[in-house]
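S.K.: Quick one: sequence and predicted model below, then my questions.
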Amino acid sequence: MTTVPKRERSTMRLTTKQINTIVTTCRTFAGASALVWLYGSRLDDTRHGGDIDLLIEPQVSINLLLRARIKTILEQTLSLPVDVMVKNPGAPENPFLSIVRAQAKPLEITP
């Protein structure tokens, strides 16, 4: 019998409602086709608690003030700490972003 590595079985420790709230909020401010990714501890089913780590790839560049607004709205709505990283179009890829991309999972609205 083959054992599937834990990473592949991850269910993202977020509810459907939380995912929908995150994606809707991010796309409201970052554009309707913005990509929203989850990374960090919420991908590990063996852990408890922790903040929500997000990577947003907006349609058009967003500034630090708008990023802070997204973070604040999500924290108030979800009653959880949220970290928001943004990869604006045309911005260079840095080593940390490469690490995030390697583990991140896309978030999509589900019914």
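M.R.: Nice, I can see it.
S.K.: Do you know the pLDDT at the residue nearest to residue 16 when sequence neighbours are not counted?
M.R.: Leaving aside its sequence neighbours, residue 16 sits nearest to residue 110 (CB to CB, 6 or more residues apart in numbering; 5.5 Å). (Glycine included, C-beta is placed from N, CA and C.) Note for residue 110: predicted pLDDT of 89.
S.K.: Quick check: residue 110 touching residue 20?
M.R.: Yes: using CB atoms under 8 Å, residue 110 is in contact with residue 20, at 6.8 Å.
S.K.: Neighbour count for those two, which is higher?
M.R.: Set side by side, residue 110 and residue 20 show more neighbours around residue 20, with 16 against 9, by other CB atoms under 10 Å.
S.K.: if I read this right, that one contacts residue 77, doesn't it?
M.R.: No: using CB under 8 Å, residue 20 is not in contact with residue 77; the gap is 11.0 Å.
S.K.: Can you give me every residue that contacts the closest residue to residue 90 other than its chain neighbours?
M.R.: Closest residue in space to residue 90, ignoring its immediate chain neighbours: residue 61 at 7.6 Å, by CB to CB, 6+ apart. Contacts for residue 61 (CB atoms under 8 Å, 6 or more residues apart in numbering) come out as 88, 89, 90, 91.
S.K.: got these as TSV, with neighbour count, pLDDT and distance to residue 27 columns?
M.R.: Converted to TSV, these look like this (neighbours: other CB atoms under 10 Å; pLDDT from 0 to 100; distance: CB to CB, whole Å):
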residue	neighbour count	pLDDT	distance to residue 27
88	15	96	15
89	11	95	15
90	6	93	20
91	11	93	19
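S.K.: Tell me who's in contact with the nearest residue to residue 85 once chain neighbours are set aside.
M.R.: Spatial nearest neighbour of residue 85, chain neighbours left out: residue 55 (4.9 Å); criterion: CB to CB, 6+ apart. Shown in contact with residue 55 (CB under 8 Å, 6+ apart): 36, 37, 39, 85, 86, 87, 97, 100, 101, 104.
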